[in-house]
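Undergrad: sequence first, then the predicted structure, then my questions.
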Amino acid sequence: VSDPIEAAPRPDREWRALLLFAVYHFVVASALLLLQQDQPALGFGQVDPSLFRRVALVLLVYSGISFWLALLRYPAFDQQLHVTLLVDIIGMTVLMQASGGVDSGLGALLAVSLAIGSLMAHGITIFVFAAFASTAVIVAQTFYFNYGPGSIGGFLQAGMLGIVFFAIALLDFALSRRLQSTERQVQENELHLANLNEVNAFVVDLLDLGVIVADEKDQVTLINETAAKWLAKPKRTPQTSSNLSGLSPDLELILSAWRLEAPAETPPERTLETETNELNLKFISLGHAGRHGGVLILLRDMERVRAEAHKAQLAAVGRMSASIAHEIRNPLSAISQAAQLLPEIEGATEQHERMADIITRNTRRLDQVIENTLALSRNREPDRQPIE
């Protein structure tokens, strides 16, 4: 009669709700005992005062036992809740009979208990207890009508009370379904968020940049492995202090100066000297508080920055060399053609032929150099061939 979700352990908040349910029973039972003795005009226990007091005392003792069992969390949550509802239904029904039947108004307390218990129960169990409570009230009214001063009108009130029980059960069933759906969605979102946080932490650790996140009080909330390696001191890790001053006092001073400056006064670069590195710093404000709120600190190794700049320079030189080689090729072709025509002019001598041969051979050498330079600048696909 319960959903498959019941197989999972109940969360702490539901055990706290069961504790509050026991406290509610304790307060109600105590109030009924006091009112029956001090305010007999209210009609509590007017038919059988002795029975009323005994049953109310039993409910009072059971509320204390149920509170203790809820603290121990043994037996299972569903067993404790079901027994509590059964005791509540039977006890309240007997109290109603000892007070004059459904006219006593104690059925309202039973409706409240069913409403609270139905919110903590799942599945069609709440309809079972609603049916049991309705049956108990009708049976008690029948007994009271046959053996007591009950009237036929009490059956109508008992039937209306049963309808109220089922209406509460139906409403709580729909509400419970919606709460379960919402809870599942929240759990899925929490799991998705946890997975995203793990992925983000993994990606941040893979960056060649140092990443530090500090709040408005300069408390470090995130630091990746690269920044920890650059800022760590001998025999000490950055995790030994959650404050930025414990991580790097110089970095805290630079950050404090940055917070006090106007955006227009911010220099283009800031550097931090450590024992092993020269670091370039960049601060980025987080949130709506501007520079006085959280801040993202990005650190770059200046040696690596210079290496990247040198690599970019080499790439630019390579592209320029390819462009120059391409431009030289055209005039070189013209020189080669002119050297080939030189021996054919009128009055050419053997010396002219020798000079033309020198020019041709050297233009071929230059052409080969240009071809090699252009070949280096081309991105050719590899020529794959099977080999033994």
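TA: Perfect, I can see it now.
Undergrad: hey, let's count contacts and neighbours off CA atoms from now on
TA: OK.
Undergrad: gap between stretch 298-307 and the chain center?
TA: The chain centre lies 34 Å from the centre of stretch 298-307; the measure is C-alpha atoms, centre = their mean, to the nearest Å.
Undergrad: send me that stretch as PDB with only the CA atoms.
TA: The C-alpha trace of stretch 298-307 is given here as PDB (Å, rounded to 0.1, in the frame of the first residue of the first chain):
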ATOM      1  CA  LEU A 298      43.700  35.200 -12.400                       C
ATOM      2  CA  LEU A 299      47.500  34.500 -12.200                       C
ATOM      3  CA  ARG A 300      49.800  33.900 -15.200                       C
ATOM      4  CA  ASP A 301      53.400  33.000 -15.100                       C
ATOM      5  CA  MET A 302      55.400  35.800 -16.800                       C
ATOM      6  CA  GLU A 303      58.000  33.300 -18.100                       C
ATOM      7  CA  ARG A 304      55.300  31.400 -19.900                       C
ATOM      8  CA  VAL A 305      53.800  34.700 -21.200                       C
ATOM      9  CA  ARG A 306      57.200  35.600 -22.600                       C
ATOM     10  CA  ALA A 307      57.600  32.200 -24.200                       C
END
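Undergrad: list the buried ones in it?
TA: For stretch 298-307, a neighbour-count test (16 or more other C-alpha atoms under 10 Å) marks Leu298, Leu299, Arg300, Asp301, Met302 as buried.
Undergrad: of the residues you listed, just say which sits nearest to Gln340.
TA: Met302 (55.9 Å; C-alpha to C-alpha).
Undergrad: what's near enough to touch that closest one?
TA: Contacts here follow C-alpha atoms under 8 Å, 6 or more residues apart in numbering; on that basis Met302 touches Asn277, Glu278, Leu279, Asn280.
Undergrad: go through the buried residues of stretch 298-307 and flag which are in strands.
TA: Assigned to strands by DSSP state E, the following of those qualify: Leu298, Leu299, Arg300, Asp301.
Undergrad: the last one bridge partners, please.
TA: Legend: beta-bridge partners of Asp301 under DSSP bridges are Leu279.
Undergrad: not counting stretch 85-93 itself, show me its contacts.
TA: Outside stretch 85-93, the residues within contact range by C-alpha under 8 Å, 6+ apart are 55-56, 59, 106-107, 109-110, 113-114, 117, 129, 133, 136-137, 140.
Undergrad: other SSEs contacting the longest helix seen in the chain?
TA: Scanning the chain for the helix with the most residues, using DSSP state H, yields helix 153-206. Using 3 or more C-alpha pairs under 8 Å, 6 or more residues apart in numbering; DSSP states H and E as the contact criterion, the elements in contact with helix 153-206 are helix 107-120, helix 125-147.
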